[in-house]
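K.L.:
after the sequence you'll find the predicted model.
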Amino acid sequence: MNQSESTETDNMKDQNPDSISGSAKKIPRKKNRTFPIILIILVVGGGWFGISKIIQMQHHATTDDAQISADILPIIPRVSGYVQKVYVGDNQFVHKGDTLFVIDIRDLKIKVDEAQAALATAKANVDASRANFQAAHSGIAISRAGVSTIDAQIEAAQIKLTRAQQDYVRYANLIQDHSITEQQFEEMQAARDLAKQQLAILQQQKLQAGSQTKSVTSQSLATQQTIEVAEATVKQREVDLENAKLNLSYAYVTAPDSGHVSTVNIRPGQLVQAGQQVFNLVRSHNVWVVANFKETKYGRILPGQEVIVHVDAFPKHDFKAEVSSFSPATGARFSLLPPDNATGNFVKVVQRIPVKIIFDDQSDSLLTRLRPGMNVTVDVHIK
């Protein structure tokens with residue numbers, strides 16, 4: 001285009017400006033259809049999400065206030081002493097009955113020896129008491145036999161005295177008639193007096209024998225009581241010996257069940273006290289879930305209902321479980337300082353009920369990798 005033509009065109013624009021703007025206004029605009037589509041999608045999606053949530057809430061009860069639990073057994077020695085050797089390390093798996101550590105047994109072995117010596121002494125005292133009782137019993141038999149002999153002798157002496165008394169009376173009549181001599185009468189009188197004397201001696205011997213029998217009998221009873229005391233002492237010493245042996249066996253601290261030990265905080269040479277918790281053992285082969293549901297959901301949860309458990313450590317794996325039991329009180333009631341709503345500034349707080357959930361499929365290999373304290377999310381299928 002040359003200069004003359006451009007000048008002519010400019011002149012035409014200057015002459016008809018309205019014609020140019022009018023032609024521009026006649027160009028049609030495109031309508032934006034994206035916004036209505038997005039709005040419809042959002043409304044439909046929101047409605048679907050809300051309806052699905054309402055349906056899910058009617059048939060499911062979920063909570064993420066849940067953790068894996070297991071039996072945690074404290075390892076506590078029953079006797080005091082110095083640690084001789086430790087057989088386990090941190091986080092080690094042990095079987096039931098495995099020796100965890102050993103306490104120095106020398107002091108405990110001395111206690112066993114002392115108890116054995118005391119038992120032997122007590123048994124010797126029983127044997128001596130029984131020997132004394134046998135001797136006293138034999139003495140009683142001898143004394144009774146002596147008394148029986150003396151009784152027979154007394155009976156014979158009484159017969160002899162009676163005869164001598166009768167002869168004396170007859171001789172006394174004869175001496176008056178001078179049928180016998182004075183010497184014969186005196187001999188009969190002496191015989192009578194001798195019979196009296198012999199009878200008195202035998203009666204005195206009987207009294208002495210009776211006293212001796214009573215003494216031996218009393219001694220025998222005392223000896224029998226001594227035997228009973230000695231036998232009771234033997235039983236006590238036997239109990240002391242068993243107790244000493246039991247304490248000796250406690251020097252070997254064994255695992256009460258299979259599981260993993262926690263951090264082992266004892267070393268050889270360290271003094272441990274009876275009843276002191278030294279470390280823990282976790283029964284990791286038997287785990288369950290404790291879920292804290294709000295009390296508003298508690299009424300719809302029943303034992304035996306199906307549960308799906310999602311562990312944060314394994315988010316893509318579904319653990320099948322079921323509701324087992326419920327806590328007898330809320331979690332706040334078991335706290336160190338339970339709330340007391342007796343004051344005037346009461347604020348209602350939704351309480352939580354601990355629910356125990358057990359795993360159904362014990363053959364699941366991932367169960368062995370679960371550890372107490374892991375966070376989980378539970379979904380209870382309400383029937």
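P.N.:
Yep, it's here. Numbering: from 1, shown residues only.
K.L.:
burial count for the closest residue to Met374 other than its chain neighbours?
P.N.:
Nearest in space to Met374, with sequence neighbours left out and distances taken as C-beta to C-beta, 6 or more residues apart in numbering, is Ile68 at 4.2 Å. (C-beta placed from N, C-alpha, C; glycine too.) Applying other C-beta atoms under 10 Å, we find 21 residues neighbouring Ile68.
K.L.:
so Val88 makes contact with Leu100?
P.N.:
Yes: Val88 is within contact range of Leu100, at 5.3 Å (criterion: C-beta atoms under 8 Å).
K.L.:
what do those two both touch?
P.N.:
Common contact partners of Val88 and Leu100 (C-beta atoms under 8 Å, 6 or more residues apart in numbering): 94, 261.
K.L.:
can you count the residues close to the residue nearest to Ile76 when sequence neighbours are not counted?
P.N.:
Leaving aside its chain neighbours, Ile76 sits nearest to Gln277 (5.3 Å; criterion: C-beta to C-beta, 6+ apart). Using other C-beta under 10 Å, Gln277 is surrounded by 11 other residues.
K.L.:
also Pro339?
P.N.:
As a burial measure, Pro339 scores 13 neighbours (other C-beta under 10 Å).
K.L.:
and Arg192, by the same measure?
P.N.:
20.
K.L.:
how close does it get to Val309?
P.N.:
Using C-beta to C-beta, to the nearest Å, Arg192 is found at 121 Å from Val309.
K.L.:
before we move on, what about Pro268?
P.N.:
43 Å.
K.L.:
could you do Ser129 as well?
P.N.:
Per C-beta to C-beta, Ser129 is found 72 Å from Val309.
K.L.:
element containing the nearest residue to Arg352 once chain neighbours are set aside, please.
P.N.:
Leaving out its chain neighbours, the residue that sits closest to Arg352 by C-beta to C-beta, 6+ apart is Asn292, at 4.0 Å. Element membership for Asn292, per DSSP states H and E: strand 279-294.
K.L.:
ok, now Gln204?
P.N.:
helix 182-249.
K.L.:
contacts for the helix or strand that comes right after that helix?
P.N.:
Sequence order places strand 252-254 as the next helix or strand after helix 182-249, per DSSP H and E. Around strand 252-254, the neighbours that count as contacts under C-beta under 8 Å, 6+ apart are 75, 77, 97-103.
K.L.:
adjacent strands (with direction) for strand 252-254?
P.N.:
Counting by DSSP bridges, the strands paired with strand 252-254 are strand 99-103 (antiparallel).
K.L.:
next, the buried residues of stretch 225-234.
P.N.:
By 16 or more other C-beta atoms under 10 Å, the buried positions in stretch 225-234 come out as 226-227, 230-231, 233-234.
K.L.:
related to what we said a few turns ago, quick check on Ser129 and Val309: which one has the bigger neighbour count.
P.N.:
Val309 (23 against 20).
K.L.:
SS state for that one?
P.N.:
Three-state call for Val309 (DSSP: H, G, I helix; E, B strand; the rest coil): strand.
K.L.:
next one, pLDDT for it please.
P.N.:
Note on Val309: pLDDT of 95.
K.L.:
grab the nearest non-local neighbour of it.
P.N.:
That would be Phe319: by C-beta to C-beta, 6+ apart, it lies 4.0 Å from Val309.
K.L.:
so the one you found versus Val287, what's the distance?
P.N.:
For Phe319, the distance to Val287 - C-beta to C-beta - is 10 Å.
K.L.:
need the strands for the stretch 251-383 of the chain, in chain order.
P.N.:
252-254, 259-261, 271-272, 279-294, 306-311, 314-326, 352-359, 375-381 (DSSP state E, counting those that start in this stretch).
K.L.:
ok, which of the ones you listed comes nearest Gln198?
P.N.:
strand 252-254 (80.8 Å; C-beta to C-beta).
K.L.:
in that closest one, what counts as buried?
P.N.:
With burial defined by 16+ other C-beta under 10 Å, the residues of strand 252-254 counted as buried are 253-254.
K.L.:
on that earlier part again, got a list of what the residue nearest to Val309 touches?
P.N.:
Listed by C-beta under 8 Å, 6+ apart, the contact set of Phe319 reads 308-311, 359, 361, 364, 366-367.
K.L.:
ok, Ile105 next?
P.N.:
84, 248, 251 are the contacts of Ile105 under C-beta under 8 Å, 6+ apart.
K.L.:
recalculate using a threshold of 7 Å.
P.N.:
248, 251 (C-beta atoms under 7 Å, 6 or more residues apart in numbering).
K.L.:
likewise for Gly269?
P.N.:
82-83.
K.L.:
if I look at it, how far off is Ile103?
P.N.:
11 Å.
K.L.:
shared neighbours, the two?
P.N.:
82-83.
K.L.:
what helix or strand is the residue nearest to Thr233 when sequence neighbours are not counted located in?
P.N.:
Distance criterion C-beta to C-beta, 6+ apart; nearest residue to Thr233, sequence neighbours excluded, is Ala122 at 4.5 Å. For Ala122, the element it lies in under DSSP H and E is helix 106-176.
K.L.:
and that helix, average pLDDT?
P.N.:
pLDDT averaged over helix 106-176 gives 75.
K.L.:
do stretch 64-74 as well
P.N.:
pLDDT averaged over stretch 64-74 gives 94.
K.L.:
and if you look at stretch 317-336?
P.N.:
91.
K.L.:
and that stretch, end to end?
P.N.:
36 Å (C-alpha to C-alpha, to the nearest Å).
K.L.:
now do the domain split for this structure, please.
P.N.:
59-70+281-383, 106-249 (automatic domain parsing).
K.L.:
of the ones you listed, which is nearest Val264?
P.N.:
Taking C-beta to C-beta, domain 59-70+281-383 is the member of the domains of the chain nearest to Val264, at 10.5 Å.
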